[in-house]
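Chemist: for reference, the sequence and a predicted model appear below.
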Amino acid sequence: MNRPVHRVGKGRRIQLLTGRIHPQLAHEIAGRLKLEVADIELSDFANGEIRIRAKESLRGNDVFIIQAHSGQVNKSIIEQLMLIDAAKRASARSITAVCPFLGYARQDRKAGGREPIAARLMVDMLTVAGADRIMSVDLHSGQTQGFFDGPFDHLIAMPLFKNYIRENLDLKQLVMIAPDAGRVKMAQRYSTSLGCDLALIHKHRSTTVANKSEARFLIGDVKDKICVVVDDMIDTAGTICTAADLLLQQGAVEVYAMATHGVFSGPALDRLQKSAFKKIVVTNTLPTAEEAGKAKGSKIETLSIAPLIADAIGAIFADESLSALFEGDNQV
């Protein structure tokens, strides 16, 4: 698509704002749209409070505020909320919160007693701040869209990964692997589209220890096959690395991982580098993934999500169908 969409109608135009977490992605999106990122002054007071001031007019414009919830996660969220509030008070025509990686999205239900539904709280905060629309990439669960009363644009990285698979792997040997029951639907979409087999790893997750789970056993045949494990995110990488070991034990000849969000917390990068994976392919929704992909000798390869986000912004601004960009596969 990649259309010049900087102005439609009298005075109406797109403005892209970004916080300090992942400005490289915002500038790449702006380049695709033939735009410049708006001039925003961001600084911190001595006690850590954030100070924001827009240095150009936002009045009457469609404002897209891009912020990945990464690094100092809570601070990145507050920074985006304040940018939204600033745009609202500056009389922006519409405000879209673009969250390539939505913080707290995995906490979308009560897994136990006396727990918050933090994903709902996140969406409520964006709403109260003044977001008219939310855009995110590969949510942990599609039900998060239902927490917002306005349009929630759910983008998927599947087109990027399918192109990578077609260009680099032998489809005749390919098996798509769901790393747990929650990802069967995603893996099945890949296998149907690519015309390959599907297998499932049964995973047990601890209910008492955070980020602790174990790949128990495999359902499906992977002997002499190239396996691709697909997931929405890689955090500490413990489970996905044990999944790779299990697949090799079951006779796989090569194992790849493909995940939209490279969170890479704690020992993740070291684990992945020492893992049985031949390659770990992620997108640059987060700066951690982009940096990891640039490291010399890294097994991690990073694909840019900027074209998909730019095309989605262009479609929204031009009042065109967004699901058409993904052939309807983003409706989950």
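Modeler: Cool, got the structure.

Chemist: low-confidence ranges in the chain?
Modeler: The model of the chain has pLDDT under 70 over residues 1-11, 204-215, 327-332.

Chemist: tell me which residues in the longest helix seen in it are buried?
Modeler: Scanning the chain for the helix with the most residues, using DSSP state H, yields helix 73-89. By neighbour count on 16 or more other C-beta atoms under 10 Å, the buried set for helix 73-89 is 75-88. C-beta here means a position set from N, CA and C on the backbone, and glycine is covered the same way.

Chemist: what's the closest of these to G297?
Modeler: Distance to G297 across the buried residues of helix 73-89 (C-beta to C-beta) is lowest for S76, with 29.4 Å.

Chemist: which other helices and strands contact the longest helix of the chain?
Modeler: Other helices and strands packing on helix 73-89, by 3 or more C-beta pairs under 8 Å, 6 or more residues apart in numbering; DSSP states H and E, are strand 50-54, strand 62-66, strand 94-99, helix 118-129.

Chemist: show me what secondary structure element comes after the longest one.
Modeler: Past helix 118-129, further along toward the C-terminus, the next helix or strand under DSSP states H and E is strand 133-137.

Chemist: who does the next helix or strand after that next one pair up with?
Modeler: Once strand 133-137 ends, the next helix or strand along the chain (criterion: DSSP H and E) is strand 152-155. Neighbouring strands of strand 152-155 in its sheet, by DSSP bridges, are strand 133-137 (parallel).

Chemist: ranges for the strands of the chain?
Modeler: Here the chain has its strands, by DSSP state E, at 14-18, 40-44, 50-54, 62-66, 94-99, 133-137, 152-155, 174-178, 197-205, 213-219, 226-234, 254-262, 279-283, 300-303.

Chemist: now those strands as a markdown table including mean neighbour count and distance to F317?
Modeler: Putting these into a markdown table (neighbours: other C-beta atoms under 10 Å; distance: least, C-beta to C-beta, whole Å) gives the following:
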| stretch | mean neighbour count | distance to F317 |
| --- | --- | --- |
| strand 14-18 | 23 | 6 |
| strand 40-44 | 13 | 20 |
| strand 50-54 | 14 | 20 |
| strand 62-66 | 27 | 6 |
| strand 94-99 | 25 | 9 |
| strand 133-137 | 23 | 11 |
| strand 152-155 | 20 | 12 |
| strand 174-178 | 25 | 35 |
| strand 197-205 | 18 | 38 |
| strand 213-219 | 15 | 41 |
| strand 226-234 | 25 | 27 |
| strand 254-262 | 26 | 24 |
| strand 279-283 | 26 | 23 |
| strand 300-303 | 20 | 24 |
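
Chemist: out of the ones you listed, nearest to L269?
Modeler: So among the strands of the chain, strand 300-303 is nearest, using C-beta to C-beta, at 7.7 Å.

Chemist: now that closest one, how far from the centre of its chain.
Modeler: Distance of strand 300-303 from the chain centroid (C-alpha atoms, centre = their mean, to the nearest Å) equals 14 Å.

Chemist: cool, and stretch 52-60?
Modeler: The answer for stretch 52-60 is 27 Å, by C-alpha atoms, centre = their mean.

Chemist: you'd agree S304 is up against T283?
Modeler: Yes - using C-beta atoms under 8 Å, S304 is in contact with T283, at 7.1 Å.

Chemist: which residues do these two both contact?
Modeler: Common contact partners of S304 and T283 (C-beta atoms under 8 Å, 6 or more residues apart in numbering): none.

Chemist: follow-up on the earlier one: can you put the strands of the chain in CSV and add distance to E115?
Modeler: Shown next, in CSV, are the strands of the chain (distance: least, C-beta to C-beta, whole Å):
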stretch, distance to E115
strand 14-18, 32
strand 40-44, 32
strand 50-54, 28
strand 62-66, 29
strand 94-99, 22
strand 133-137, 22
strand 152-155, 23
strand 174-178, 26
strand 197-205, 15
strand 213-219, 18
strand 226-234, 20
strand 254-262, 22
strand 279-283, 29
strand 300-303, 33
